[in-house]
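> whatever this is, show me its structure:
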Amino acid sequence: MLDKVEAIVIRTVDYGETNKIITLLTKERGKVGVMARGAKKPRSQLTAVSQPFIYGSFVIYKGSGLGTLNQGDPIKSFRKIREDLTLASYAMYMAELVDKLTEENQRYLFLFDWLYLSLLKMEEGADPEVLTRIFEMKMMDVAGISPNLNQCVSCGSTETPAAFSIRYGGFLCRSCLHKDEHAFPCSTQTSRLLRLFYEMDLYRLGEISLKKETKQQLKDIIRAYYDEYSGVTLKSRRFLDQLERMNLGTNIDT
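The predicted structure is shown next:
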């Protein structure tokens, strides 16, 4: 059966001397793996559409096993991202997060739009680190590990949070700080941004410039939360962390 879908390439794996297995995040069917036969040949019509982050229209043949890519037409290549090591590293982390936290042939509401808009904003010059934190927060819902961001997880108070507890999965107010001595202290801005990033409509995303300290608080909390609850290990995260330690990451702190 032939099926035409719009999709973003989120993973590629060489298969044999001339083929690739590519993983697509489709609008219509969620994540789909397909064989791109001959895609490693320089003159193959599939070469151009079998690259990471390509957004295109794909015709696939779906049988009982792995599908086959019959045709592909690129709509947007995100060339700037693919040619920049730092941008490509952040984009690969997002793509791997999608790959590891989703099931094949299951459509997740808004996920395709989130990834496409994140790549688009990144290519247009938005801070890739901030985009990544937003994407991580939104992927928590996909993974089924959403934290409690509306009130103190201990007493239910809606006063300004003083810390984020990985153990209890949400904010603690100042009166409940003693409940978790390992909770991450967080500023008013950090607690506000965690809520904002989780709920944000990426279509309405404007320019966001954050101080170094705020970025670090967000990263520490979100990473620790994923480590505790997601159950996934990402190769791209290790590489991205190495880049950031070498101060190669994009920095627009004010």
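> which residues does the closest residue to residue 180 other than its chain neighbours contact?
Distance criterion Cβ to Cβ, 6 or more residues apart in numbering; nearest residue to residue 180, sequence neighbours excluded, is residue 165 at 4.3 Å. Glycine gets a C-beta too; all of them are placed from N, C-alpha and C. For residue 165, the contacting residues are 153, 171, 172, 179, 180, 182, 183, 184, by Cβ atoms under 8 Å, 6 or more residues apart in numbering.
> the last one is in contact with residue 224, isn't it?
Yes: with contact taken as Cβ atoms under 8 Å, residue 184 and residue 224 are classed as touching, separated by 7.0 Å.
> who touches both of these two?
Common neighbours of residue 184 and residue 224 (Cβ under 8 Å, 6+ apart) are residue 166.
> endpoints of stretch 62-79, how far apart?
29 Å (Cα to Cα, to the nearest Å).
> which SS state does residue 154 fall under?
The three-state label given to residue 154 by DSSP: H, G, I helix; E, B strand; the rest coil is coil.
> about what we covered before: specify the beta-bridge partners of the residue nearest to residue 180.
residue 170 (DSSP bridges).
> what pLDDT does the model give it?
Residue 165 is assigned a pLDDT of 98 by the prediction.
> phi first, then psi, for residue 232.
The phi/psi pair for residue 232 (degrees, to the nearest 10) reads phi -120, psi 150.
> not counting its neighbours along the chain, what's nearest it?
residue 100 (4.3 Å).
> hmm, that neighbour is touching residue 234, no?
Yes: between residue 100 and residue 234 there is a contact under Cβ under 8 Å: 6.5 Å.
> how far off centre is stretch 209-219?
From the chain centre to the centre of stretch 209-219 is a distance of 18 Å (Cα atoms, centre = their mean, to the nearest Å).
> so which bits of it are buried?
210, 214, 215, 217, 218, 219 (16 or more other Cβ atoms under 10 Å).
> any chance of CSV for the residues you listed, columns distance to residue 94 and pLDDT?
Shown next, in CSV, are the buried residues of stretch 209-219 (distance: Cβ to Cβ, whole Å; pLDDT from 0 to 100):
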residue, distance to residue 94, pLDDT
210, 18, 93
214, 20, 95
215, 17, 94
217, 21, 96
218, 16, 97
219, 15, 96
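> okay, now residue 23: neighbour count?
For residue 23, the count of nearby residues is 21 (other Cβ atoms under 10 Å).
> hey, which helix or strand in this protein has the poorest pLDDT?
Counting by mean pLDDT, DSSP states H and E, the weakest-scoring helix or strand in the chain turns out to be helix 235-245, with a mean of 88.
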